[in-house]
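Asker: Below are the sequence and a predicted model for it; my questions follow.
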Amino acid sequence: MRYLLKALILLFSISFYGQNKIYFTEEFKELPSVDSATYYSTYEKVNYGTQRKTYLLDGTIRNSDFFSNYKRRIREGTSITWHKSGSIEKEEFYSKGKLEGISNMYYENGTIKRTENYKKGEFVDGKCFNDNGIEKAFFPYLFTS
């Protein structure tokens, strides 16, 4: 019985992590095939969690995240999103699934767009900048998920 349970767990993990690509629409709705897809993600089991990387269909990286528990979507560590041009768009740090410390967003030219400070997922303070790097009035960043 014990060996059967181990075999089933191994089979499940191989089928989940053995999938080369999972396809998504522009709004990140999962698709069964590449038809109508904008992105695809790969998943790799690594020490203490799952590394997810998402790419445009041409293979250009879009984002990279690490999950201590992928099933519960608990992010851990640095999360990076890139512009289509390849420059960094956003860098965030997660601890136990919550934003922690400094989160930065950048214009496509690499200039800082905004910086925000978080403690245990709660916004502390932030600054906004124009595309020349000059500070401007701060406004909250609205997530569209």
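Answerer: Sure thing, it's come through.

Asker: So the residue most central in space within the chain versus Lys120, what's the distance?
Answerer: What sits nearest the mean C-alpha location of the chain, by CA atoms, centre = their mean, is Asp65, with 4.1 Å. Asp65 sits 19 Å away from Lys120 when distances are taken as CB to CB, to the nearest Å. For glycine as for every other residue, the C-beta is placed from the backbone atoms N, C-alpha and C.

Asker: Identify the residues contacting the helix or strand where the residue nearest to the centre of the chain lies?
Answerer: Element membership for Asp65 (DSSP states H and E) is strand 61-69. Strand 61-69 is contacted by residues 39, 46, 48-56, 73-82, 86, 96-97 when judged by CB atoms under 8 Å, 6 or more residues apart in numbering.

Asker: May I see the buried residues of stretch 94-106?
Answerer: In terms of neighbour count (16 or more other CB atoms under 10 Å), stretch 94-106 has its buried residues at Tyr94, Ser95, Leu99, Glu100, Ser103, Met105, Tyr106.

Asker: Out of those residues, which comes closest to Lys113?
Answerer: Checking the buried residues of stretch 94-106 against Lys113 by CB to CB gives Met105 as the nearest, at 4.4 Å.

Asker: Test my guess that the closest one contacts Lys90.
Answerer: Yes: Met105 sits in contact with Lys90 when judged by CB atoms under 8 Å, with a separation of 4.9 Å.

Asker: Looking at strand pairing, list the partners for Glu30.
Answerer: When bridges are called by DSSP bridges, Glu30 pairs up with Phe24.

Asker: Hmm, Cys128 is touching Phe139, no?
Answerer: Yes: with contact defined as CB under 8 Å, Cys128 counts as touching Phe139 (6.4 Å).

Asker: These two: who's more crowded?
Answerer: Taking other CB atoms under 10 Å, Cys128 and Phe139 do not tie; Cys128 has more neighbours (17 against 9).

Asker: For the more buried one, give its distance to Lys45.
Answerer: As defined by CB to CB, Cys128 lies at a distance of 38 Å from Lys45.

Asker: tell me the SS of the nearest residue to Arg75 once chain neighbours are set aside?
Answerer: With CB to CB, 6 or more residues apart in numbering as the criterion, Arg75 has its nearest non-adjacent residue at 3.9 Å, and that residue is Tyr94. Using DSSP: H, G, I helix; E, B strand; the rest coil, the structure places Tyr94 in strand.
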